[in-house]
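Undergrad: Whatever this is, show me its structure:
(chains A and B)
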Amino acid sequence: MSEEKLYIFKIKRFLPEKSKESFWQEYEVKLSSYERVLDGLVKIQETLDSSLVFRKSCAHGICGSCGMKINGLNRLACQTLVKDLPSLIEIEPLPGLPVIRDLIVDMRPFFEKNDLVLPYLINDEPPPERERLQKPEDQEKILESITCIMCGCCTTSCPVFLTNPNYLGPSALLKAYRFIYDTRDQAGLERLRKIIEEMGIFHCHSVLNCLKACPKGIDIPKHIIKLKKLAVKKTIKGEL
Amino acid sequence: MSYKKSFDYIFWITQRLTGIFLFIYMLIHAVFTFILKNDKTYFFANLVKSFFIIKFLEYLLILTVIAHTLIGIRVLLLEIEFISTKKQYLNNIILFIFSVLAILFFIKLFLTSIFNHV
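TA: I've put the predicted structure just below:
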């Protein structure tokens, strides 16, 4: 078992019943090098301060619940090892979304933006007996975008979203890409129209923060650029 | 490392600031040159332009235009997929070109000011 090291967790807290202002609180926790930020938070909650709240579910980088700003970068607490961080760990809720309490933010504005791009398969043809099949090369096109866990780290790291909350954000645009390039879907043009009209693709300024923030390592700007090219092509052809 | 310290973010904010500055500058420049269009002002403008501080500010203006253009070219190169978004050397190239041009401009400025005095 590796040796334990003392870490200071500096957490931005918000207790609406006590104060309207958020404040910083420090906790000292001993953690082993193989432990994650989420383990530290659980330890604080169980042994030091039971009033501290945060979201967690799978704790294995799949559900995307524990997205938070750790030392200035949006990451998943369950995927961030404490050994990769300095002994002072600053934790804040995801920026740009209303804080409910401590590290819990209201994700509704984020999900509402995802809903705008119709994030489901639209196909009017009667379904086949078993399933709608797809060629491997067609699946390859959307393979990276499928791995999105919708944690919100990318959208809340985007300065365009932080300065203009009406902007759809990288996550919604990635979701749109996932269905526009899906050969089984038939509502590609409708989605494309939506992401142009609803403060979408052309508001992306290639700041590339989403690329750094994505805990799944998805090249989100590449997908947005592909959507921009497609939109331009369709406009020139007069299809949009 | 926070987002605010990344070159991508700095470039984004620089392009917005230089864009606003250049727009305001061009507006003022166009209005003033249109209003004050006579021999007296022409003579006065030439006199003011010989001051070192004005020359220095002119060089700063040129560098602002260059910075704005280079960052625009960066976005263009990314969007035509000439360079992958994952490659960070594009930022280094932009910084290198800007630094070389800035140094060359200031060397020229100081050399011309020295030789003019001699």
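Undergrad: Residues touching the lowest-mean-pLDDT helix or strand in chain B, excluding its own?
TA: Sorting the helices and strands of chain B by mean pLDDT, DSSP states H and E puts helix B:39-49 at the bottom, at a mean of 80. Here helix B:39-49 makes contact (Cβ atoms under 8 Å, 6 or more residues apart in numbering or on different chains) with B:54-55, B:58. For glycine as for every other residue, the C-beta is placed from the backbone atoms N, C-alpha and C.
Undergrad: what's the answer for stretch A:60-76, then?
TA: A:37-38, A:54-59, A:77-80, A:85-86, A:89-95, A:103, A:149-154, A:156-157, A:212-213, A:215-216, B:1-5.
Undergrad: what do you get if the cut-off is 7 Å, keeping everything else the same?
TA: If you take Cβ atoms under 7 Å, 6 or more residues apart in numbering or on different chains as the criterion, stretch A:60-76 is touched by A:37-38, A:54-57, A:77-80, A:85, A:89-95, A:103, A:149-153, A:156-157, A:212-213, A:215, B:1-3.
Undergrad: Kindly report the same for stretch B:104-112.
TA: Applying Cβ under 7 Å, 6+ apart, the contact partners of stretch B:104-112 are B:55-56, B:59, B:62-63.
Undergrad: returning to that earlier point: can you select the buried ones from the contacts of stretch A:60-76 in PyMOL?
TA: Those of the contacts of stretch A:60-76 that count as buried under 16 or more other Cβ atoms under 10 Å in any protein chain shown are selected in PyMOL with:
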select buried, (chain A and resi 37+38+54+55+56+77+78+79+80+85+89+90+91+92+93+94+95+103+149+150+151+152+153+156+157+212+213+215) or (chain B and resi 3)
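Undergrad: can you tell me which of the contacts of stretch A:60-76 are in strands?
TA: A:89-92 (DSSP state E).
Undergrad: ok now do the residue in chain B that chain A sits nearest to, which residues does it touch?
TA: At 2.9 Å from chain A, residue B:2 is the closest residue in chain B, using Cβ to the nearest Cβ. By Cβ under 7 Å, 6+ apart, residue B:2 lies in contact with A:72-73.
Undergrad: Next, residue 9: secondary structure please.
TA: Defaulting to chain A. When classified by DSSP: H, G, I helix; E, B strand; the rest coil, residue A:9 comes out as strand.
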